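**Q** Need a 3D model of the sequence below.
(one chain, ligands or ions: 2)
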Amino acid sequence: MSHTDHIFAAPIAELGDFNFDQKVAEVFPDMIKRSVPGYSNIISAIGMMTARYAKPNTQLYDLGCSLGAATQEMRRNVNQPGCTIVAVDNSAAMLERAANHLASFKSEVAVELREADICELDISNASVVVLNFTLQFIAPQQRLPLLTRIYEGVNKGGILILSEKFISQDDTVNELLIELHHDFKRANGYSELEVSQKRTALENVLRPDTPELHKARLHEVGFSHVDMWFQCFNFGSMVAIK
Ligand SMILES: Nc1ncnc2c1ncn2[C@@H]1O[C@H](C[S@+](CC[C@H]([NH3+])C(=O)[O-])CC(=O)[O-])[C@@H](O)[C@H]1O
Ligand SMILES: O=C(O)C(=O)Cc1ccccc1
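**A** Ligands and ions are numbered 1, 2, ... in the order given. Coordinates of the predicted model:
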């Protein structure tokens, strides 16, 4: 059962940092759909890229899997034998619900759910790695080491799909994209108060980088082919191929 997100609807006197607790896990599908422009297109494309890049007897990783939306789309599209999807999140509330969600589909493809910090994870023999709106929550100084580990764990020809909230390096465009995102949220039924309280709660925990920084870092860790394949306002998705 999934519910409508009213988490920031009433005034909150002592607004703490946003975190992925039970309350967020309960409303997550509604929250992400109403908050992230292009989310469902990105999920579909993760399936399409999985169909192309999954190789026999390899591992596919969904890092920061939340309820497993990307995991399920990968599972539906894996068309190679001997693949395992490793879906990882460090929120117990999310993983518990991911297990229920994934168990409701019939599939031959093995899924391993792991409650772990993706910065501590062993990554090996990977054909596909997905970071769908997760890197933005990792401490900035841990981003390069994490991407290095991912690069080392990906097989030659393998793909990383990296979706993020971005900031623009042009201040005027940056403001426009943020305003358009807020318009998108209001059009999806969020009030002014919900938009502003969530913005404050995310300030210390969701730290977006520019697309330029992401691309430079992906090249720096060694990926041979890097580009944006989708962008809507200040949200988008990149591919990096080894
Ligand atoms: N260090 C960490 N280790 C493991 N998990 C983490 C860590 N930090 C944050 N997370 C987890 O990363 C997820 C980010 S949500 C991903 C959506 C999903 N990919 C989707 O396609 O629906 C994005 C969003 O809410 O904007 C949460 O479940 C966190 O618990
Ligand atoms: O809602 C926002 O403003 C966002 O930036 C996206 C988001 C979606 C779900 C959890 C945290 C952030």
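**Q** per-residue confidence for whichever residue of the chain sits closest to ligand 1?
**A** Residue of the chain nearest ligand 1, by C-beta to the nearest ligand atom: Gly64 (2.9 Å). Heads up, the C-betas are built off the backbone N, CA and C, glycines and all. pLDDT for Gly64: 98.
**Q** Over to Met1?
**A** Met1 is assigned a predicted lDDT (pLDDT) of 60.
**Q** For the residue of the chain closest to ligand 1, which non-adjacent residue is spatially closest?
**A** Thr134 (2.8 Å; C-beta to C-beta, 6 or more residues apart in numbering).
**Q** Quick check: the one you found touching Leu121?
**A** No: applying C-beta atoms under 8 Å, one finds Thr134 not in contact with Leu121, separated by 11.8 Å.
**Q** Who has more neighbours out of these two?
**A** With neighbours defined as other C-beta atoms under 10 Å, Thr134 and Leu121 compare such that Thr134 has more, 21 against 18.
**Q** Report the separation between that one and Arg52.
**A** According to C-beta to C-beta, to the nearest Å, Thr134 stands 22 Å off from Arg52.
**Q** any low-confidence regions in this protein?
**A** Scanning the chain with the threshold set as pLDDT under 70 gives 1.
**Q** for it, what spans make up the strands?
**A** Remark: strands assigned in the chain by DSSP state E are 59-63, 84-89, 110-115, 126-132, 154-165, 225-232, 235-241.
**Q** Tell me if the fifth one is near ligand 1.
**A** Spelled out, that is strand 154-165. No: counting by C-beta under 6 Å from any ligand atom, ligand 1 has no neighbours in strand 154-165; the shortest distance is 7.4 Å.
**Q** ok, that strand: who's next to it in the sheet?
**A** Strand pairing for strand 154-165, using DSSP bridges, gives strand 126-132 (parallel), strand 235-241 (antiparallel).
**Q** List the contacts of the first one.
**A** Contact with strand 126-132 is made by 42-43, 46, 49-50, 53-55, 58-64, 69-70, 74, 83, 123, 150, 153-155, 157-163, 237, as judged by C-beta atoms under 8 Å, 6 or more residues apart in numbering.
**Q** Tell me which residues touch Ala240, please.
**A** Shown in contact with Ala240 (C-beta under 8 Å, 6+ apart): Ile159, Leu160, Leu162, Leu218, Phe223, His225, Val226.
**Q** so the third one makes contact with Phe230?
**A** No: taking contacts as C-beta under 8 Å, Leu162 lies outside contact range of Phe230: 11.1 Å.
**Q** Once you drop chain neighbours, what's closest to the residue in the chain that ligand 2 sits nearest to?
**A** Closest contact between the chain and ligand 2, by C-beta to the nearest ligand atom, is at Ser35 (3.4 Å). Computed as C-beta to C-beta, 6+ apart, the closest residue to Ser35 that is not its neighbour in sequence is Lys185, at 6.1 Å.
**Q** Equivalent analysis for Asn234, please.
**A** Spatially, and ignoring its direct neighbours in sequence, Asn234 is nearest to Leu177 (4.0 Å; C-beta to C-beta, 6+ apart).
**Q** One more: Val36?
**A** Excluding the flanking residues, the one nearest Val36 by C-beta to C-beta, 6+ apart is Phe235, at 5.6 Å.
**Q** Now for the one you found: which residues touch it?
**A** For Phe235, the contacting residues are Val36, Pro37, Gly38, Tyr39, Ser163, Glu164, Lys165, Phe166, His181, by C-beta under 8 Å, 6+ apart.
**Q** can you count the residues close to the residue nearest to Ile167 when sequence neighbours are not counted?
**A** Nearest non-adjacent residue to Ile167, counting by C-beta to C-beta, 6+ apart: Pro208, 4.8 Å away. Residues lying near Pro208 (other C-beta under 10 Å) number 18.
**Q** going forward, begin numbering at 684 instead of 1
**A** Renumbered: residue one is now 684, and that last one reads Pro891.
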